[in-house]
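Undergrad: I'd like to go over a predicted model; first the sequence, then the structure.
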Amino acid sequence: MAMKAVAVFSIKGGVGKSAIAVNLAHAAATSGARRTLLWDLDAQGAATYLLELAPRAKKARAAVSGDASFEELIQTSRFANLDVLPADRSLRRLEGDLALADRQKVLKKHLKLLESRYDRIIIDCPPGLSELADRLFRAVDLVVAPLLPSPLSERALEQLLDELRKNHGGKPPVLPVWSMVDRRKRLHRDTLASHPDRLAIPYAAAIEAMAVKRMPIGASAPMSEASRAFAALWSAVEMQLLRQ
């Protein structure tokens, strides 16, 4: 099986990105039985925290830049088939490294080195169009783009698609997904109705509780609406990857 990499990316923060990355990685590893790496590239380290892990050394920036080994940083989670490459605060200074000409393809090279070890790599990306985002778009097979049900999020998606059209030949493909959906709100209902084909992750107490329980929804609340929504998202992601 060919290794595939998925970036969970949003131009805006606060859209449930890390929760989606964690639950996608868990579904890939458990339901999908894929050897999975969750790569936390957001310096806030939310995905790392949600899986009850912490960086052992502040070397994430050095590893991404090619100046340190991933082997000493990758950790095994408590879930079968799921490893984590934790984030730490050193990633805040990564942008300058990636701007150097000799590091134009460094992320793609890292993924190539990991392909014999993993079937799926899920990357929790920091928000914003940046040097790092540019490198990620060149390296991954799919972008999962969480959106709040609002006109501003639709605008952010158009900005992302425009960036990919202008600078990346329209690649990689983008899978938009509604996030933090509250169907009691008319704006949310109306926005969802404008794109009924998109999957939706509900605003749910079970998802909020991830920060307390520090485990994916599939483990903490497997029968919940949120768990079913993440399972559906994983199926859509996998179908997209297998078509490539």
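TA: Here it is on my side, so go on. Numbers count the residues shown, from 1 in each chain.

Undergrad: And the helices in the chain?
TA: 17-29, 46-50, 60-65, 94-98, 106-114, 131-139, 151-167, 186-194, 205-208, 210-213, 217-220, 225-243 (DSSP state H).

Undergrad: which one of those helices lies closest to T36?
TA: helix 17-29 (4.1 Å; CB to CB). C-beta here means a position set from N, CA and C on the backbone, and glycine is covered the same way.

Undergrad: before we move on, back to that, out of the helices of the chain, which one sits most buried?
TA: Ranked by mean neighbour count, the helices of the chain are led by helix 17-29 with a mean of 27 (mean count of other CB atoms under 10 Å).

Undergrad: Relative to the whole chain's centre, how far out is that one?
TA: 7 Å (CA atoms, centre = their mean, to the nearest Å).

Undergrad: Grab the longest strand from the protein for me.
TA: Longest strand of the chain, by residue count under DSSP state E: strand 174-181.

Undergrad: picking up where we left off before, need the helices of the chain in a markdown table (columns: distance to Q75).
TA: What follows is the helices of the chain, written out as a markdown table (distance: least, CB to CB, whole Å):
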| stretch | distance to Q75 |
| --- | --- |
| helix 17-29 | 13 |
| helix 46-50 | 9 |
| helix 60-65 | 12 |
| helix 94-98 | 20 |
| helix 106-114 | 14 |
| helix 131-139 | 22 |
| helix 151-167 | 31 |
| helix 186-194 | 37 |
| helix 205-208 | 23 |
| helix 210-213 | 18 |
| helix 217-220 | 17 |
| helix 225-243 | 22 |
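
Undergrad: among those, which is nearest I122?
TA: helix 17-29 (4.2 Å).

Undergrad: Report the inter-axis angle for that closest one versus strand 174-181.
TA: Using axes from the mean of the first three to the mean of the last three CA atoms, to 10 degrees, the inter-axis angle of helix 17-29 relative to strand 174-181 is 110 degrees.

Undergrad: Mind checking the pLDDT average for helix 17-29?
TA: Mean pLDDT, computed over helix 17-29, is 97.

Undergrad: That helix vs helix 225-243, what angle?
TA: Counting by the same axes, to 10 degrees, helix 17-29 lies at 70 degrees to helix 225-243.

Undergrad: what are the C-alpha coordinates of helix 17-29, in CSV please?
TA: This file holds the C-alpha atoms of helix 17-29, laid out as CSV (Å, rounded to 0.1, in the frame of the first residue of the first chain):
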residue,chain,number,x,y,z
LYS,A,17,-8.7,21.7,13.3
SER,A,18,-6.8,19.7,15.9
ALA,A,19,-9.8,17.7,17.0
ILE,A,20,-10.4,16.7,13.4
ALA,A,21,-6.7,15.7,12.9
VAL,A,22,-6.7,13.6,16.1
ASN,A,23,-10.0,11.8,15.2
LEU,A,24,-8.9,11.2,11.6
ALA,A,25,-5.7,9.7,12.8
HIS,A,26,-7.4,7.5,15.3
ALA,A,27,-9.9,6.3,12.7
ALA,A,28,-7.2,5.6,10.2
ALA,A,29,-5.3,3.5,12.8
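
Undergrad: Lowest-scoring secondary structure element of this protein by mean pLDDT?
TA: helix 94-98 (a mean of 68; mean pLDDT, DSSP states H and E).

Undergrad: ok, now which residue in the protein is the farthest from the centroid?
TA: R186 (28.3 Å; CA atoms, centre = their mean).

Undergrad: hmm, back to that, show me what the longest strand of the chain is packed up against.
TA: helix 17-29, strand 142-147, helix 151-167, helix 186-194, strand 200-202, helix 225-243 (3 or more CB pairs under 8 Å, 6 or more residues apart in numbering; DSSP states H and E).

Undergrad: Kindly calculate the angle that it makes with helix 186-194.
TA: Going by the same axes, to 10 degrees, strand 174-181 makes 150 degrees with helix 186-194.
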